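Mind folding the following:
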Amino acid sequence: MNSRVIPISLAVIDKEQRDRLEKMVAANPMVRLAADDSDEMGVLIYEPGDSVEEDMPHIIHALESGQAEDVYLTGNAADPEILIRAMRSGIREYLEFPVAENDLRAAVLRTAMRMSLGVDETDKGRILTVMGCKPGVGTTSLAVNLACALNENAPGRTVLLDLRQPMGEIPYFLDLKYDYTWGDLVVDISRLDATYLRSVISEHESGLHVLPGPVSTDRPDDQTLLLILEQLRGAYDFVVVDASTPGDDDLPKEVELADSILLTMQLSLPCLAHVARLTESLGGQDPDTDRRLRVIANRVTRNASIGIAEAAEVLGREIAWSIPEDGDSVLSAINQGTPLIQAFPKSPSAKAVRTVAKGFAPERKKTGKGFGLPFASFFRKKGKDSDTNDNLAGAAL
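Have a look, this model is predicted:
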């Protein structure tokens, strides 16, 4: 982990809370207070005030440009709109007033761990989260075979993460023998680095890397899972996550951080109802999920009473891919512990999964964050020409 003492810049309006934070920073050996006239910002702790709409573009630009190494929002109450905007811009931490010393210490520890990854954002792998609209629609089969198809192009550059609850089934699909799970990472998450991560990863004979889930264990807490996912996508081109169906009021980290969300369904009325409710729920918690979400129709039969076009019309969104019914081949592959695309490479389902993989494998462009070129040019010019009145609550941006 990075042992550097991290500078802290305070943009906190509330004097009492600012004084409180200054004392905490002074007492924490991992951090130090940055001088008001210093060129370095380090971690910016920002309290949104009346000028938040004017401040946020500058804060986001500072984070994206690397001027700020991390940003923590703080305050009495979290405005949901501000939190969503911040989250999509890479701001991960919120400290509620009065800030507890343990909360600040934990946030700083997470920042230090993220910094220790030492991976440029443009070099990070893509997270593809596969989940079903409800149990039993073939989510694990799709996740396993999609990961195997992506791995064929570059063996060892794709990892499959099993987050199914209460117990994942990926090892059965791959006849995989393993010694460790992500549960071993959770036991002492402070040890997590690239070396420790590799030591618990299992490798399938195809070269696919797998991080299985423990038996009957609660999922990691959000911050722990964030660190695991960030470490994984720092080490691999693709992180394929076999995820459980989220609850109506649940925005899991594997969905929040995903570059693409693959929602699996079957062409039935119950599935259509589940997809409609789930997309509405996720979209209400994070509007950006709609852009990243792709619906996949699985086990499609030729004479289905509900067709692809009809399902798309009901949902008001495109069905990105369809995978034909191929029950005999799929079941035989599972019972052999061999991925379908290897056991029956010419089967209709295997060919369809490869088509899904092709939609990702050639596309190496990362999800953009923040502003496009015209805005970036504007802020570069503003940063060069603006005077000191553009400072934000004492923190030079």
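
Go through stretch 22-33 and flag the buried ones.
Met24, Val25, Asn28, Met30, Val31 (16 or more other Cβ atoms under 10 Å). In short, each C-beta sits where N, CA and C put it, glycine included.

can I get these in CSV with secondary structure and pLDDT?
Output for these, formatted as CSV (DSSP: H, G, I helix; E, B strand; the rest coil; pLDDT from 0 to 100):
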residue, secondary structure, pLDDT
Met24, helix, 94
Val25, helix, 93
Asn28, coil, 88
Met30, coil, 84
Val31, strand, 89
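
what's the farthest-apart pair in the residues you listed?
Across the buried residues of stretch 22-33, no pair lies farther apart than Met24 and Met30, at 11.1 Å, counting by Cβ to Cβ.

returning to that earlier point: which member of the buried residues of stretch 22-33 is positioned nearest Gly183?
Set against Gly183, the nearest of these by Cβ to Cβ is Met30 (27.3 Å).

which residue packs closest to Ser322, ignoring adjacent ones?
Of all residues not flanking Ser322 in the chain, Ala297 sits nearest, at 4.3 Å (Cβ to Cβ, 6 or more residues apart in numbering).

quick one: strands adjacent to whichever strand or helix holds the one you found?
For Ala297, the host element (DSSP states H and E) is strand 293-300. Strand 293-300 has its sheet partners listed here by DSSP bridges as strand 260-265 (parallel), strand 319-324 (parallel).

next helix or strand past the last one?
Which is strand 319-324. Using DSSP H and E, the first helix or strand after strand 319-324 is helix 327-336.

Contacts for that next one next, please.
Helix 327-336 is contacted by residues 138, 141, 172-173, 175, 299, 339-340, 342-344, 347, 349-350 when judged by Cβ atoms under 8 Å, 6 or more residues apart in numbering.

can you check stretch 160-167 too?
Contact partners of stretch 160-167, identified using Cβ under 8 Å, 6+ apart, comprise 139-140, 143-144, 147, 168-171, 181-182, 208-213, 215-216, 218-219, 228-229, 232, 239-244, 254.

how about a cut-off of 7 Å?
140, 143-144, 147, 168, 170, 208, 210-213, 215-216, 219, 232, 239-244, 254 (Cβ atoms under 7 Å, 6 or more residues apart in numbering).

how is this protein carved up into domains?
Domain ranges of the chain: 6-118, 121-358, per automatic domain parsing.

weakest of those domains by average pLDDT?
Least confidently modelled of the domains of the chain is domain 6-118, at a mean of 85 by mean pLDDT.

following the helix or strand harbouring Arg20, which helix or strand comes up?
Element membership for Arg20, per DSSP H and E: helix 15-27. Following helix 15-27 in sequence order, the next helix or strand is strand 31-33 (DSSP H and E).

Can you show me the strands along the protein?
Per DSSP state E, the chain carries strands over the ranges 6-11, 31-33, 42-46, 68-75, 93-96, 126-132, 158-163, 202-203, 209-211, 238-243, 260-265, 293-300, 319-324.

Redo these as JSON lines? Include distance to Lys358.
Shown next, in JSON lines, are the strands of the chain (distance: least, Cβ to Cβ, whole Å):
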{"stretch": "strand 6-11", "distance to Lys358": "43"}
{"stretch": "strand 31-33", "distance to Lys358": "46"}
{"stretch": "strand 42-46", "distance to Lys358": "41"}
{"stretch": "strand 68-75", "distance to Lys358": "36"}
{"stretch": "strand 93-96", "distance to Lys358": "37"}
{"stretch": "strand 126-132", "distance to Lys358": "13"}
{"stretch": "strand 158-163", "distance to Lys358": "14"}
{"stretch": "strand 202-203", "distance to Lys358": "24"}
{"stretch": "strand 209-211", "distance to Lys358": "21"}
{"stretch": "strand 238-243", "distance to Lys358": "13"}
{"stretch": "strand 260-265", "distance to Lys358": "13"}
{"stretch": "strand 293-300", "distance to Lys358": "13"}
{"stretch": "strand 319-324", "distance to Lys358": "10"}
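
Cool, thanks, talk later.
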